[in-house]
Structure formats: structure tokens, C-alpha cells
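# coords below, sequence missing:
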Ligand code: NAP
């Protein structure tokens, strides 16, 4: 296949960047891929495992001559990294990112985008609880959504080219505006993560149930919360600090519903509980019908798995 971009630069070499690299290499989607991460340790790991064709010692060096530059760093440092590379961006290049929040990234990166560079924010809705350069794999984006959030006036040809890359990496692509993206993600990802963090934190605090009991009997639901709550602390701190309004709005709604359920339990209102759980079960069914999860019992874990 002819590469979609001759030269790609990945800034930040964690889960998302390494998955992009392996997917691009497998599909022959990029010519040379350069990479940069902040720590010498990550850069050494990348060199050892062959992550990127060339690992550079500065972000500016990595982006020099690149047709596509992908910011794969935590949302809170996107602006600073953009400022660092702005002078090195090639005219006509596309600058994109993979951050989980979009309005804040547009506000912090936007002012550093030179004229003649296409800035197309993006967010692949794919991930795991693992992070770092060794956690990526080529199939991560397979049948997952990637949302493009182009700013007004962006050249359609540049958007189409980036869309082509994500599709070739296995994603389904849709365009969305930044505010709507942040609200949708607050519902589907950000608030659920906060709830999982809270649940695991509560179990840790509850001294009437010992730690060993929590771990031993975790398959009864708690285990799934622990997977989510094991996600990278820096990434998630930044998500909540930058998607403050939408997350707080959804958490407000969540608290109200929780109080209503609490009241139903206290007053013995079984009809309310039953109707509520029937509605939530239908949502689970539609996620499976949309091919976004497996119908296998216990999320398809084998009986032998821990
Ligand atoms: P990750 O595995 O933790 O990797 C982050 C990378 O960014 C590391 O290589 C880190 O370098 C580098 N970095 C941090 N600060 C930097 C700085 N100031 N300058 C240069 N590099 C810096 O993270 P990830 O999971 O790939 O997430 C990357 C982005 O994708 C985030 O914006 C996140 O919101 C978004 N995202 C994540 C997921 C997910 O589930 N993980 C899903 C979709 C989107 P060091 O290793 O040297 O510290």
C-alpha cells in the first residue's frame, strides 16, 4: 500500500502512540515514523523494542519535515508541547492529537499552530488500563470509534487524509464539535472512571471488610471497577481538570439518580428498582448489538482466568 503520510512524528510514546506505530507499520500507512518522549528512559525503551524508525532527543527534531505530527501526551501538557514544536512544523503539515478532552486541547494548542499548518484534533475511543511504550498493540483501534473535531475552516482534503489513516488503522470515524464531544465523553468515559475510582477507594477504606476479602471475592462486580481504576493517574487527573464542566454536570445528574435509588431501597420501592434496572439492561443490549462489546458471560473471560 502507498503510505498515506510519508513522514509521521509521534510526540509522547505511550499506549496510544505505540499502538498507532504498530498499526501504521503493519498496514504500510506511513513512510518514516519518528518519535519523542520526555524521559530518557522511555526513549531508551522505544529504541530497544523498535518503537519508531528513529527516536529523537527533542520534540522539535522529531517533527522536522513531518507531514503528520501526532501529540500523544497527557491533555494537561498539550499546549506546552505545541509551543515547543511550533517553529519546527513544516508548512502544509497536519498537526493532530489523541487527547481525551477536546475543548481544552483546542484552546491550549490552537494559539501555537502556525499559518499553513492544518490543525485537526482527534480522539480514538480505544484504550486499556495499561500505559507506557510497551503497552501498545496494532489491533487497539480495530472496530473502535475515532472522533475528529476539526476547527472551522480546515481544508477538507486534510481532514479526509487523516480520516483515511484512522480508517486504515481499523477505526470507524465520525466528526463532532468539541463541546458535544466533551459532554458525550463525560457520560461514556469520564464520569464512569470517577465512579470506579470512588468505588475502589471506598472498598479500600471500609475496614469492616478486610482487604483480603475484597480481593478474594472481587469477581462479584468489584473486579471490573478495579480494572478501570488502575488507569494512568496522570492522564485521568488531566481529564478531570480539563473537562471540568461536563464531568461535573454528569456527576450532578448521577448523584440525583443515586439518591433516588437510595430512597427506593429505603422505602422498599421494588417497582422503581425493577423499572430502572430493566432500562439499563436495554442499554447493555444495544452496546452489544453495535459490536462494541461481547455478549459472552463475564465479558468473555475464560473460566480459568483469575
Ligand atoms: P501514556 O501511555 O501514559 O504515555 C504518555 C506519553 O507522554 C509518555 O511517553 C510520556 O513520556 C509522554 N509525555 C508526558 N509528558 C510529556 C511532555 N511534557 N513532553 C513529552 N512527552 C511527554 O499515555 P496514553 O495512554 O498513550 O495517553 C496519551 C494521550 O491519549 C492522552 O492525552 C490521553 O488522554 C489520550 N487517550 C488515552 C486513552 C487510554 O485509554 N489510555 C484512550 C484515548 C486517548 P514519559 O514516558 O517519558 O513520561
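Right, received. Where do you want to start? Computed from a predicted model, the values in this text were never measured in an experiment.
# Near the ligand, which residues of this structure are found?
12-17, 37-39, 42, 72-75, 77, 81, 98-100, 123-124, 127, 131-132, 232, 235 (C-beta under 6 Å from any ligand atom). (Glycine included, C-beta is placed from N, CA and C.)
# What count of nearby residues applies to the residue nearest to residue 127 when sequence neighbours are not counted?
Spatial nearest neighbour of residue 127, excluding adjacent residues (C-beta to C-beta, 6 or more residues apart in numbering): residue 15 at 6.5 Å. Using other C-beta atoms under 10 Å, residue 15 is surrounded by 26 other residues.
# Could you verify my assumption that residue 15 touches residue 128?
Yes. Shown here, residue 15 and residue 128 form a contact pair, counting by C-beta atoms under 8 Å, at 6.6 Å.
# Between the two, which contacts overlap?
135, 140 (C-beta atoms under 8 Å, 6 or more residues apart in numbering).
# On the three-state scheme, the residue of the stretch 51-200 of the chain found nearest the ligand is what?
Distance from the ligand to each residue of the stretch 51-200 of the chain (C-beta to the nearest ligand atom) is smallest for residue 127, at 1.8 Å. Per DSSP: H, G, I helix; E, B strand; the rest coil, the secondary structure class of residue 127 is coil.
# Could you count how many residues lie near it?
20.
# and it, what is it in contact with?
Counted by C-beta under 8 Å, 6+ apart, residue 127 has contacts 15, 16, 140, 231.
# Who does the nearest residue to residue 158 once chain neighbours are set aside form a beta bridge with?
Using C-beta to C-beta, 6+ apart and skipping the chain neighbours, the partner closest in space to residue 158 is residue 118 (3.8 Å). On the basis of DSSP bridges, residue 118 is bridged to residue 94.
# Correct me if wrong: residue 118 contacts residue 151.
No. In this structure residue 118 lies outside contact range of residue 151 using C-beta under 8 Å: 9.4 Å.
# higher neighbour count, those two?
residue 118 (20 against 14).
# about what we covered before: now the two most distant members of the contacts of residue 127.
With C-beta to C-beta as the measure, no two of the contacts of residue 127 lie farther apart than 140 and 231, at 14.6 Å.
# quick one, which of these two is more surrounded?
residue 140 (22 against 18).
# Could you list the residues in contact with stretch 99-111?
71, 74-75, 78-79, 82, 95, 97, 119, 121, 123, 147, 149, 151, 178-179, 181-182, 185, 189-190, 235, 238-239, 242-243.
# Let's see that with 7 Å instead.
For stretch 99-111, contacts defined as C-beta atoms under 7 Å, 6 or more residues apart in numbering pick out 75, 78-79, 82, 97, 119, 121, 123, 149, 151, 178-179, 181-182, 185, 239, 242-243.
# Pull out the buried positions in it.
99, 100, 101, 102, 103, 104, 105, 106, 108, 109 (16 or more other C-beta atoms under 10 Å).
# and these as CSV, adding distance to residue 160?
Converted to CSV, these look like this (distance: C-beta to C-beta, whole Å):
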residue, distance to residue 160
99, 22
100, 24
101, 25
102, 20
103, 24
104, 26
105, 21
106, 20
108, 26
109, 21
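# List the ones among those that fall in helices.
Applying DSSP state H to those, the entries found in helices are 103, 104, 105, 106, 108, 109.
# Taking those residues, tell me the two that lie furthest apart.
That would be 103 and 109, which, of these, are the farthest apart (C-beta to C-beta) at 11.3 Å.
# Please, where are all the strands along the protein?
5-11, 30-36, 54-55, 68-71, 94-97, 118-124, 145-148, 172-175 (DSSP state E).
# among those strands, which is nearest residue 261?
strand 145-148 (29.9 Å).
# next one: that closest one to chain centre, how far?
How far strand 145-148 lies from its chain's middle: 10 Å, per C-alpha atoms, centre = their mean, to the nearest Å.
# packing partners for it?
Packing contacts for strand 145-148, counted by 3 or more C-beta pairs under 7 Å, 6 or more residues apart in numbering; DSSP states H and E, involve strand 118-124, helix 156-168, strand 172-175.
# residues in contact with the longest one?
Residues outside helix 156-168 that contact it (C-beta under 7 Å, 6+ apart) are 4-5, 27, 29, 94, 96, 118, 120, 122, 146, 148, 150, 173.
# what do you get if the cut-off is 6 Å, keeping everything else the same?
By C-beta atoms under 6 Å, 6 or more residues apart in numbering, the residues outside helix 156-168 that reach it are 4, 27, 29, 94, 118, 120, 146, 150, 173.
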